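*Asks:* got a sequence here, can you model it:
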Amino acid sequence: MRIEAITGRKIVVELSAEDMQQLDITYEALDYASVETRRVIWTILDRVRESTGCDIDPSGQLLIDAMPRPTGGCILFFTIKGGCIEPFGLNAPERVLRKQEQLLATFEFENINALLDCAAAYARAYTCETERLFCKNELYAKGGRFRLLLSPTQEISHLRQFFDEFAQFCGENAFAADRTREHWQRQEHCFERMGGHQITPCPRTNLCFAPGNVYATVDN
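*Replies:* Coordinates of the predicted model:
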């Protein structure tokens with residue numbers, strides 16, 4: 001079990017497949033309406049207090065986001081709202097547990113050239129829908145660098161065999177993804193569509209993704 005306090009009101013807990021087995025729970029069975037899920041949450045929060053000293057006693061709603069890991073287990077995000085009371089007393093507010101689609105693999109590109117070369121190579125290598133390495137992607141930018149967040153459809157090792165040639169691997173868990181969402185700017189461009197077009201003008205290093213930027217795309 002890996003625990004990290006991202007902010008004073010946001011805790012991330014990563015559970016491996018072995019952790020889930022020890023807790024006697026599965027991702028599919030997570031539901032705050034069930035006694036078993038509440039038991040698991042209480043156990044995890046006890047571990048959080050022991051390892052970080054964070055005593056989660058919210059007077060408002062405790063929001064729990066759950067995301068599956070492609071290699072088994074899951075990631076739990078605890079978001080705390082309000083002040084402090086006994087967290088599981090009779091007057092405690094309702095807890096909400098939301099299941100999210102996994103989005104765990106993070107790759108960082110040093111410039112636009114590396115990103116576009118990767119997108120073009122992916123478009124050439126994975127033309128069949130059943131061969132795709134991921135089912136969803138998010139693109140972010142900061143200071144001329146780019147980060148791509150992926151929801152893998154296969155093992156992370158298969159994903160890295162392709163992307164490591166073009167980008168730096170930042171992690172297979174939700175920590176890097178969550179920090180990217182907080183500190184990088186989201187781009188509306190789709191990674192897969194970027195590989196299917198020739199982008200002008202040249203050189204590509206003059207191209208930047210920014211509001212109001214004008215550029216042309218021409219189908220191959």
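*Asks:* packing partners of the lengthiest helix in the chain?
*Replies:* Criterion DSSP state H: the longest helix present in the chain is helix 35-52. The helices and strands touching helix 35-52, judged by 3 or more C-beta pairs under 8 Å, 6 or more residues apart in numbering; DSSP states H and E, are strand 2-7, strand 10-15, helix 17-23, strand 74-80, strand 95-99. All C-beta spots, glycine's among them, are computed from the backbone N, C-alpha and C.
*Asks:* and these: which comes nearest Q154?
*Replies:* helix 17-23 (16.6 Å; C-beta to C-beta).
*Asks:* from the rest of the structure, what touches the closest one?
*Replies:* For helix 17-23, contacts defined as C-beta atoms under 8 Å, 6 or more residues apart in numbering pick out M1, L15, T26, Y27, V40, T43, I44, R69, T71, G72, G73, C74.
*Asks:* which pair of those spans the longest distance?
*Replies:* T43 and T71 (22.1 Å).
*Asks:* from N137, how far out is T43?
*Replies:* 34 Å (C-beta to C-beta, to the nearest Å).
*Asks:* give me the low-pLDDT residue ranges for the chain?
*Replies:* Scanning the chain for pLDDT under 70 picks out 8, 57-61, 81-95, 128-131, 196-220.
*Asks:* let's see it at 80
*Replies:* For the chain, applying pLDDT under 80 flags the ranges 5-9, 53-62, 69-71, 80-104, 127-132, 135, 153-156, 172-176, 195-220.
*Asks:* domains of it?
*Replies:* 2-99, 105-219 (automatic domain parsing).
*Asks:* okay if I get those domains as a markdown table plus mean neighbour count?
*Replies:* Formatted as a markdown table, those follow (neighbours: other C-beta atoms under 10 Å):
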| stretch | mean neighbour count |
| --- | --- |
| domain 2-99 | 15 |
| domain 105-219 | 15 |
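*Asks:* now the strands: where do they sit in the protein?
*Replies:* All strands of the chain, identified by DSSP state E, fall at 2-7, 10-15, 62-68, 74-80, 95-99, 105-109, 134-142, 145-152, 168-171, 185-187, 197-200, 216-219.
*Asks:* and the contacts of the first one?
*Replies:* Contact with strand 2-7 is made by 11-14, 47-48, 51-52, 54, 173, 175, 178-179, as judged by C-beta under 8 Å, 6+ apart.
*Asks:* farthest-apart pair in the residues you listed, please.
*Replies:* Spanning the widest gap among the contacts of strand 2-7 are R47 and R179, at 22.1 Å by C-beta to C-beta.
*Asks:* for D117, give me its contacts.
*Replies:* By C-beta under 8 Å, 6+ apart, the neighbours of D117 are F166.
*Asks:* swap in the one 5 residues further on?
*Replies:* Each residue near Y122 by C-beta under 8 Å, 6+ apart is listed here: L133, F162, F191, E192, G195.
*Asks:* now distance to E155 too, for the residues you listed, in a markdown table please.
*Replies:* Shown next, in a markdown table, are the contacts of Y122 (distance: C-beta to C-beta, whole Å):
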| residue | distance to E155 |
| --- | --- |
| L133 | 10 |
| F162 | 12 |
| F191 | 20 |
| E192 | 20 |
| G195 | 22 |
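*Asks:* from the residues you listed, which land in helices?
*Replies:* F162, F191, E192.
*Asks:* shouldn't the second one be in contact with L139?
*Replies:* Spelled out, that is F191. Yes: if you go by C-beta atoms under 8 Å, F191 and L139 touch, sitting 5.8 Å apart.
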